[in-house]
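Engineer: fold the stuff below for me.
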Amino acid sequence: MDLADPEINVLIEEATLRLGELNAFSLYVPDINIYIKMHILKEATTSSRIEGTKTEMEEALLKEKDIEPEKRDDWNEVQCYVHAMNYAIEKLESLPLSNRLLRETHKILMEGVRGENKLPGEFRSSQNWIGGATLKDAVFIPPHHSEVGGLMGDLEIFLHNENIKVPHLIKIAIAHYQFETIHPFLDGNGRLGRLMITLYLVSKGLLKHPSLYLSDFFEKNKTLYYDNLTFVRTNNNITQWTKFFLVAVIETSKKGIETFKAILKLRDEIEGKRIINLGSRIPRAKELLNHLYKTPVIWPEAVAKLLEISVPTANKLVSDMEKLKILKEQTGFKKNRIFIFREYLELFQK
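Structural biologist: So this is what the prediction gives:
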């Protein structure tokens, strides 16, 4: 790859600028961790969807008992991704981005879901392939399993080698390609490889909070995503992949900033205009809203438990917030009703 390529240089400059703006904005937003939970859920659903699951964010927010039986495997995969991401981000405070962390995260990612019999948390000990029914008609055959340990060791060294003087965004673009090409696990490589991007950016201080997730861009441009990775393997040219990756950072950073702006606008509108007529119930309404920003699906019984109030009082508060068009009843049932903070949820579905 020619780092003197004018187009690469222009893209690096803009990607770095946009990522910096996103990071600054995440530092400006009050109670940022409330909203990060929804960013992680969006990443979990879109990254899993690239691999074929069909769970939407709205479904991922529900309890397992409320998911149709035929959809529960997909739902569980998304939940495991959320747990794996949260675990990895927390672990970064005491453990560097390393093969150890990747293996531990992979174990959580694959635990109790399809693929749980494919060595969760361990590098593969047999050959795998991408595309096709067998090795004979595979689109791509990764390196032999006997080489995986050494190749992943090289990748870890590459990630931390300060003598390699390239921008961090270039380094993680290359590292993501290398990870997906090595395909070190029997399953879950796509999801873990995309998760690794966010972990790297946080570990290097480019992001204070895990607010950039590229899976939405990759999912919307799925064919280009795979084609650009394949082009490196077939033509030994990583430039086009790097350009695609940098555009993904630019566009995702822009979208992230717009989402944060929309969140603040909605928050001001609801708390400054809609709930002011609730009188003595305003404090409880605000407390419930803070919960809804993290998990925009609620049940009256859960409201009662959360706010330590009676179920009738909780039902009254939920009813008031429904009249204010903050909550919307989802099921149409008279019992076991589920309410969604739809305006907020839709900000993450655009």
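Engineer: once you drop chain neighbours, what's closest to residue 97?
Structural biologist: Closest residue to residue 97 apart from its sequence neighbours, by Cβ to Cβ, 6 or more residues apart in numbering: residue 203 at 4.6 Å. Where C-beta positions appear, they are placed from N, C-alpha and C, glycine not excepted.
Engineer: might one say that that neighbour is in contact with residue 94?
Structural biologist: No: Residue 203 lies out of contact with residue 94 (Cβ atoms under 8 Å); the separation is 11.8 Å.
Engineer: the more surrounded of the two?
Structural biologist: Between residue 203 and residue 94, counted using other Cβ atoms under 10 Å, the more crowded position is residue 203 (22 against 7).
Engineer: what pLDDT does that one get?
Structural biologist: Model confidence at residue 203, given as pLDDT, is 96.
Engineer: if I look at it, how far off is residue 210?
Structural biologist: Applying Cβ to Cβ, to the nearest Å, the value for residue 203 to residue 210 is 11 Å.
Engineer: residue 57 too?
Structural biologist: The value you get for residue 57 to residue 210, if Cβ to Cβ is used, is 17 Å.
Engineer: try residue 86
Structural biologist: Residue 86 is 9 Å from residue 210, by Cβ to Cβ.
Engineer: which helix or strand contains the residue nearest the centre of the chain?
Structural biologist: For the chain, the residue nearest the mean C-alpha position is residue 43 (2.1 Å; Cα atoms, centre = their mean). Here residue 43 sits within helix 32-50, counting by DSSP states H and E.
Engineer: buried ones in that helix?
Structural biologist: By neighbour count on 16 or more other Cβ atoms under 10 Å, the buried set for helix 32-50 is 32, 34-36, 38-50.
Engineer: coming back round to it: from residue 280, how far off is the residue nearest to residue 97?
Structural biologist: 47 Å.
Engineer: same deal with residue 100?
Structural biologist: From residue 100 to residue 280 the distance is 53 Å (Cβ to Cβ).
Engineer: please say which of these two ends up with more neighbours.
Structural biologist: The residue with more neighbours, out of residue 100 and residue 280, is residue 100; 12 against 6, by other Cβ under 10 Å.
Engineer: wasn't that one part of a strand?
Structural biologist: No: assignment of residue 100 by DSSP: H, G, I helix; E, B strand; the rest coil gives helix, placing it outside any strand.
Engineer: who touches both of residue 86 and residue 210?
Structural biologist: Common neighbours of residue 86 and residue 210 (criterion: Cβ atoms under 8 Å, 6 or more residues apart in numbering): residue 40.
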